[in-house]
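Trainee: Task: produce atomic coordinates for the following.
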Amino acid sequence: MCGIAGLIHRDGAGAIGNEMTSMLQALKHRGPDSTGFAIYGTPEPDEYILRFKVAEQEDLASGFKIHDEIKERRATVDERLKSLGVKVTEQEDATEYAFRYEIKFDGDMKKLADYVEDVEGAEILSIGTALELIKDLGDASVVSGDYDLDEFKGTHGIGHTRMATESDVDIRSAHPYWAYPYNDIAVVHNGQITNYWIMRREMERKGHRFMSSCDSELLAVYTAHNLAEGASLEDSLKSSIKDIDGVFTYLVATGDALGLAKDTMAAKPMVLYESDNLVALASEEVAIRSVIPHEIDTWDPYDEEVRVWRT
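Mentor: This next block holds a predicted model:
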């Protein structure tokens, strides 16, 4: 019963961090285990934002030793970035185990990601020119407060509140998912993909990596693969309806767009509000009304509906 939400300003940057926090907090009852944000700021020339972690929140309870291990893992990541010629222009400790780096790098991004994730406990959450992906245990207000998202200005974002069912309660299993090593693509999903393992093996044979056993990660990898092959976002969303089995509603964000797809049965809820300047989507209308308090008209997208909005 997870909750998903998306928002896009079509007339410039807005208070996307604060708005997404409000929307996801309104959906807390649909998923109390973890909350995740994929938010899109204004890109800087020749610069990437690297978000990564070197431990899980639950690891901190294992004793004093883990704190030293976290420091060692981060130091190893720093050494590896330096050895690849990565210039870190700014560093921020989001939490003890999760970090935000602004970097300059003109080399092989896949090699960078592989080398970092070869460090024990390390996982890249996102590398983006506009994208910053943040996810952790707790509700939206807790995660937003821990990662200081209220002041984040940006054009669009998607988010997810998770109720764990088949996979663990940890950051790795939380949404959104970034499609390594493709910049600025993120996905949130409500539903179940029944041909997950078949499609996952197909994507792995094509050279893609998976960091979790959550079926939602497949949608990010699938989308990134299609876009890398030259498909438009609209084409990828339409193809997913025939290629992917199960019940699903999902949102995809790229550097300049927000997309929606619903499966043939349209069993998973989605409510949509659209104006000239703003588009808001969520599993329940209460999330939209948390950021648009005046009287509005909303509607439910149809089965097999695909929509894309651009900044």
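
Trainee: isn't L125 right next to K135, touching?
Mentor: Yes: at 6.9 Å, L125 and K135 qualify as touching, with contact defined as CB atoms under 8 Å. The C-beta positions use only the backbone N, C-alpha and C, and glycine is treated the same way.

Trainee: between those two, who's got more neighbours?
Mentor: More neighbours surround L125 than the other of L125 and K135, with 30 against 27 (other CB atoms under 10 Å).

Trainee: How much space separates that one from E102?
Mentor: From L125 across to E102, the span is 15 Å (CB to CB, to the nearest Å).

Trainee: Kindly report the same for K262.
Mentor: In terms of CB to CB, K262 sits 37 Å off from E102.

Trainee: These two: which is more packed in?
Mentor: Set side by side, K262 and E102 show more neighbours around K262, with 25 against 15, by other CB under 10 Å.

Trainee: Next up, phi/psi of the more buried one, please.
Mentor: The phi/psi pair for K262 (degrees, to the nearest 10) reads phi -120, psi 150.

Trainee: thought it was touching Y302?
Mentor: Yes: the criterion here is CB under 8 Å, and K262 meets it with Y302 at 7.3 Å.

Trainee: Over to E234: give its phi and psi.
Mentor: Dihedral angles (degrees, to the nearest 10) for E234: phi -60, psi -40.

Trainee: Can you check the pLDDT for L137?
Mentor: The per-residue pLDDT reported for L137 equals 88.

Trainee: and this structure, what are its domains?
Mentor: 3-42+140-310, 44-128 (automatic domain parsing).

Trainee: May I see these arranged in a markdown table, with mean pLDDT as well?
Mentor: Below are the domains of the chain laid out as a markdown table (pLDDT from 0 to 100):
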| stretch | mean pLDDT |
| --- | --- |
| domain 3-42+140-310 | 91 |
| domain 44-128 | 93 |
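
Trainee: Of the ones you listed, flag the one that's most buried.
Mentor: domain 3-42+140-310 (a mean of 20; mean count of other CB atoms under 10 Å).

Trainee: So V308: helix, strand or coil?
Mentor: Of the three states, V308 takes strand under DSSP: H, G, I helix; E, B strand; the rest coil.

Trainee: Find the nearest non-adjacent residue to it, please.
Mentor: Leaving aside its sequence neighbours, V308 sits nearest to G259 (CB to CB, 6 or more residues apart in numbering; 4.5 Å).

Trainee: what do L125 and K135 both touch?
Mentor: I171 (CB atoms under 8 Å, 6 or more residues apart in numbering).
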